[in-house]
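S.K.: what would the 3D arrangement of this be:
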Amino acid sequence: MLLRPFPLHCVHCVHCSSANPRSTRHIARAVTGQARQQVQSPPLPEPIEHRTSNVSTDSSSAVSTSGCPFLASLSTPAVTSVPWYKRLQQLSNPVAYQQAAYGDHLLVKIPAALGLPLQYSPSSGDLIKQILTGENDIIYKTHNFTKHVGPLLGPHAISTVPDPKHRYLRTLMQPAFTNEAVGKMVPLLVSVMKGYLDRWSDAGGVVLAHSELKDMTYDVIVKVVFGHELPAGLRDQMSKLYAEWGDGVTAWPFINLPFTPYGRALRARGQLLEIYQQLLDDARQELAAGGAVQGVLGSLITAQDDDGNRLSDAEIKDNVLLLLLAGHGTTNTSLTQVLVQLHKHPQVLDKLRQEQQQLMGKHGPELTAAVVRAMPYTDAVIKETLRLHTVVHGLNRVAARDFELGGYLVPQGMELYLPLAHIAHEDPRWTDEPAESNLNPRRFSPERFLALKGQKRGWQMPFGHGSRHCLGYTLAMAEMRVFLALLARGYNFTADPGTEYTCRVGHTPKNLLPMTVMRLA
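M.R.: Next up, the predicted model:
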């Protein structure tokens, strides 16, 4: 198959440039000053009309509207072998669906079925990187995502807005998540997480790890965002509303009625925004009185671009809501899976302890930002857990124009399903390893990321790729490193991982992972 590298413009004729007026140079132009008021995000292409729920085996050529004879000569991919009546498995059990969907094909066509749209789906990490590198040029966020989840996230959420608004928001939000900014958060992370570990050990019995980690990561992200402890009543109110709002993100089918999860989520969003507005007003009063506002909120309020533009209250509130989702549920799920793997592989926990002993011998007992950045084995444990248990199983995008992918035509408006779990499991760095090898992809082996192969770039991309990679990647990694460092330095635990798992944000243990935590002697 033909694997065409970026830049993705057809070089076979002169038609592609005229068919693609939205050049990369235009997209990259910053939105500043008066241009911010005048330049609007270009309209999204209309998605291709959904087929009927009956599975079609038609694999005839798609039609290119670009006027490019090269693109017009390309055919459509083969239809997936997964039967139509298993289509909902894409939502309920995406790992199993992805494993069955591709066979030997680089790209498959997934017919519309059971209310889900016609999609093209690549099985190659190289193709997915090619797609995500072309974000805002050849693809957009999917319509189906923004249609239902968009109202929950809001019109200004950085995860859903197209360029040039996305680039503008990212420019103003990025300073809150640099290595330097996250390094200053390490004492806060240590304080919160050690408090939870002490409480679990003092309990003298079983605690539910998934629930406790959910509370812990929520406390962390609230303090990181708002810069201080919130009153207990307000924190509990926000936690309840946040849980209702978060349930709506995965509440398929998305029906807005007062008694449905989606309807309750929309109502919770409105109440959360009212709370955020009051916190914003208080912060601005503090600034007006000559005080300082800590946390990410302070960074967002004071951020400005080269022309002096600042984020509006609406932009801040929508993205605070998003930060609480992205910085809470995902880290909680990942740490739950780390504990499962450490319970199953106690030798890995022993190696984590050895690394921490070496670091304490070199840097002393304090867990500083410099120490947190110097944990290669801890990093390998996190990466290996995310390889086997990807939190975000797949991404959805829509083709902004006709383009060629793996030798096939992707027509404008086609929805693309990007299987992140599948490509993590099929990373070519490991697929040739024999079953008995510690580097076999079916084994849990952090050492793979310390080997020469592991130092090379592969298909694993738990935090995305391209211009929309996770804004809070540095913070998420710091949280997990600090937790594992504290655990390895001062505690032991036992857990009960023998349960089924449900697919929500990642895989959640139905028994919520009972565990007992003990202080080391």
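
S.K.: drop to CA atoms for contacts and neighbour counts, all remaining ones
M.R.: Fine.

S.K.: next structured bit after the top helix by length along the chain?
M.R.: Longest helix in the chain, counting residues (DSSP state H): helix 261-288. Later in the chain than helix 261-288, the nearest helix or strand by DSSP states H and E is helix 295-302.

S.K.: and the next helix or strand after that following helix, how far out from the chain middle?
M.R.: Counting by DSSP H and E, the element after helix 295-302 in chain order, helix or strand, is helix 313-326. On the basis of C-alpha atoms, centre = their mean, to the nearest Å, helix 313-326 sits 15 Å off its chain's mean C-alpha point.

S.K.: just the buried residues of helix 313-326, please?
M.R.: Residues of helix 313-326 classed as buried: 314-326 (neighbour count, 16 or more other C-alpha atoms under 10 Å).

S.K.: ok, now stretch 286-302?
M.R.: Val293, Gly295, Val296, Leu297, Gly298, Ser299, Leu300, Ile301.

S.K.: and which of these is nearest Ser191?
M.R.: Closest approach to Ser191 among those (C-alpha to C-alpha): Gly295, at 15.4 Å.

S.K.: my guess is the closest one contacts Glu229. True?
M.R.: No - look at Gly295 against Glu229 with C-alpha atoms under 8 Å: they stay out of range, at 10.9 Å.

S.K.: would you mind measuring from Tyr102 to Pro419?
M.R.: Separation of Tyr102 from Pro419 (C-alpha to C-alpha, to the nearest Å): 10 Å.

S.K.: can you tell me the closest non-neighbouring residue to Val222?
M.R.: Leaving aside its sequence neighbours, Val222 sits nearest to Leu324 (C-alpha to C-alpha, 6 or more residues apart in numbering; 7.2 Å).

S.K.: swap that for Pro441, please
M.R.: Closest residue to Pro441 apart from its sequence neighbours, by C-alpha to C-alpha, 6+ apart: Trp430 at 5.5 Å.

S.K.: doesn't Ile221 make contact with the residue nearest to Val222?
M.R.: Yes - using C-alpha under 8 Å, Leu324 is in contact with Ile221, at 6.3 Å.

S.K.: secondary structure class for Val220?
M.R.: helix (DSSP: H, G, I helix; E, B strand; the rest coil).

S.K.: ok, it - contacts?
M.R.: By C-alpha atoms under 8 Å, 6 or more residues apart in numbering, Val220 lies in contact with Leu188, Leu189, Val192.

S.K.: and for Lys194?
M.R.: Applying C-alpha under 8 Å, 6+ apart to Lys194 gives the contacts Leu486.

S.K.: could you check how far it is from Ala157?
M.R.: In terms of C-alpha to C-alpha, Lys194 sits 32 Å off from Ala157.

S.K.: same question, Gly150
M.R.: Distance from Gly150 to Ala157, counting by C-alpha to C-alpha: 8 Å.

S.K.: ok, now Thr385?
M.R.: With distances taken as C-alpha to C-alpha, Thr385 is found 28 Å from Ala157.

S.K.: thinking again about what came up before, dump the buried residues of helix 313-326 to TSV, plus distance to Leu367 and pLDDT.
M.R.: Shown next, in TSV, are these (distance: C-alpha to C-alpha, whole Å; pLDDT from 0 to 100):
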residue	distance to Leu367	pLDDT
Ala314	37	96
Glu315	35	96
Ile316	32	96
Lys317	32	96
Asp318	33	96
Asn319	30	95
Val320	28	94
Leu321	30	93
Leu322	29	91
Leu323	25	91
Leu324	25	87
Leu325	27	81
Ala326	25	80
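
S.K.: circling back to that earlier point, shared neighbours of Gly295 and Glu229, which are they?
M.R.: Shared contacts of Gly295 and Glu229 (C-alpha under 8 Å, 6+ apart): Lys223.

S.K.: ok, back up a step: now do the contacts for the residue nearest to Pro441.
M.R.: Leu439, Asn440, Pro441.

S.K.: and Ala485, by the same measure?
M.R.: By C-alpha under 8 Å, 6+ apart, the contact set of Ala485 is Leu352, Arg353, Gln356, Thr378.

S.K.: got the phi/psi numbers for it?
M.R.: phi -60, psi -50 (degrees, to the nearest 10).

S.K.: any idea of the pLDDT on it?
M.R.: pLDDT for Ala485: 98.

S.K.: circling back: which one of the contacts of Trp430 is nearest Asn492?
M.R.: Leu439 (27.1 Å).

S.K.: ok so, going back, which ones among the contacts of Ala485 map onto helices?
M.R.: Secondary structure assignment (DSSP H) places Leu352, Arg353, Gln356, Thr378 from these within helices.
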